[in-house]
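Colleague: Have a look at this prediction, sequence included:
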Amino acid sequence: MADFRTPLSRARGLGASHHGVSHWIAERVTSVALVPLVLWGVFAVLRLARSDYEMAVAWLSSPLNAVLLALLTVISFHHMHAGMRVVVEDYIHKRVSKAGLLLLNLFVCALFGALALFSILKVALTGGAY
Amino acid sequence: MATSILHRMTGVALYVGALILAGWAMCLAAGPEAYGTFMDLMGSPLGKLVLFGLSFSVFFHLAKGVQHLVWDMGVALRVPAANAGAVATIAFAVVATAVVWIIAAMTGAL
């Protein structure tokens, strides 16, 4: 069968959507980053579980804790958006419900990821002034 | 096979877990009163049950995710190696969950 693709198009390897495998790679890269971050997060929860408000604020005022928690939050929400997107695409086949759920997934991840990140930075930068 | 669908189910559970993390950050930013309410909620029997499920989900999803990364490198794809990976995933998740809750009990975090 004749191949109508140009040599340049074949070399780029991006296919008709021009996205190529960037989504697939992003899911892998975020999962590699999350392995150490999540293990750190488990021990952070163990520590915070026996802390009161002042101790939690002091904990989050440490630059290392604030940065690691901010990274854990951003990368987690990115990763879970990608994961839920695949779940919706696999199981929901009606066009309208599929589009609606994909939008809902994006909006929920963007909204709560931003709220969590802003709250973390607010506590870390102001020392819990409310 | 069972661990494959469990990977998805724990992933969806962790989606809820990330929203709880966002709730924690928002309550901490809102002040001591809201933070106290959040901690009381998570310290209740239902809250602990949710946290227990989330801790298992974290370790299961992490271990299965590592197996997927290994598969993506094109190794351990034959059935015996894949089955061994599934057994290792379950074993790691169970042991790590138990260790975390034992540490929680020993340090007074419960």
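Modeller: Thanks, I have the structure now.
Colleague: ok, now which ones touch the spatially closest residue to A:A124 that is not a sequence neighbour?
Modeller: Distance criterion CB to CB, 6 or more residues apart in numbering or on different chains; nearest residue to A:A124, sequence neighbours excluded, is A:A66 at 3.7 Å. Using the backbone N, CA and C atoms, a C-beta is placed for each residue, glycine as well. By CB atoms under 8 Å, 6 or more residues apart in numbering or on different chains, A:A66 lies in contact with A:60, A:120-121, A:124.
Colleague: Going by neighbour count, which residues of the helix or strand hosting A:A66 are buried?
Modeller: According to DSSP states H and E, A:A66 maps onto helix A:63-91. Neighbour-count burial for helix A:63-91, counted by 16 or more other CB atoms under 10 Å in any protein chain shown, picks out A:65-66, A:68-70, A:72-85, A:87-88.
Colleague: Just the pLDDT for the residue nearest to A:A124.
Modeller: For A:A66, the pLDDT comes out at 97.
Colleague: Likewise for A:M1?
Modeller: Reported pLDDT for A:M1: 66.
Colleague: per-residue confidence averaged over the top helix by length along chain A?
Modeller: Criterion DSSP state H: the longest helix present in chain A is helix A:95-126. Average pLDDT, helix A:95-126: 97.
Colleague: can you pull the buried residues of it?
Modeller: Buried, per 16+ other CB under 10 Å, within helix A:95-126: A:101-102, A:105, A:108-109, A:112-113, A:115-117, A:119-124.
Colleague: helices or strands up against it?
Modeller: helix A:53-61, helix A:63-91, helix B:2-30 (3 or more CB pairs under 8 Å, 6 or more residues apart in numbering or on different chains; DSSP states H and E).
Colleague: what does chain A have sitting close to chain B?
Modeller: A:28, A:31-32, A:34-35, A:38-39, A:42, A:45-47, A:49-50, A:53, A:56-57, A:60, A:73, A:76-77, A:80, A:83-84, A:87, A:108, A:112-113, A:115-120, A:122-123, A:128, A:130 (CB under 8 Å from any CB of the partner chain).
Colleague: Can you tell me which residues in chain B are near chain A?
Modeller: Applying CB under 8 Å from any CB, we find that chain B lies next to chain A at B:8, B:11-12, B:14-15, B:18-19, B:21-22, B:25-26, B:28-32, B:35-36, B:51, B:55, B:58, B:62, B:65-66, B:68-69, B:72, B:100, B:103-104, B:107-110.
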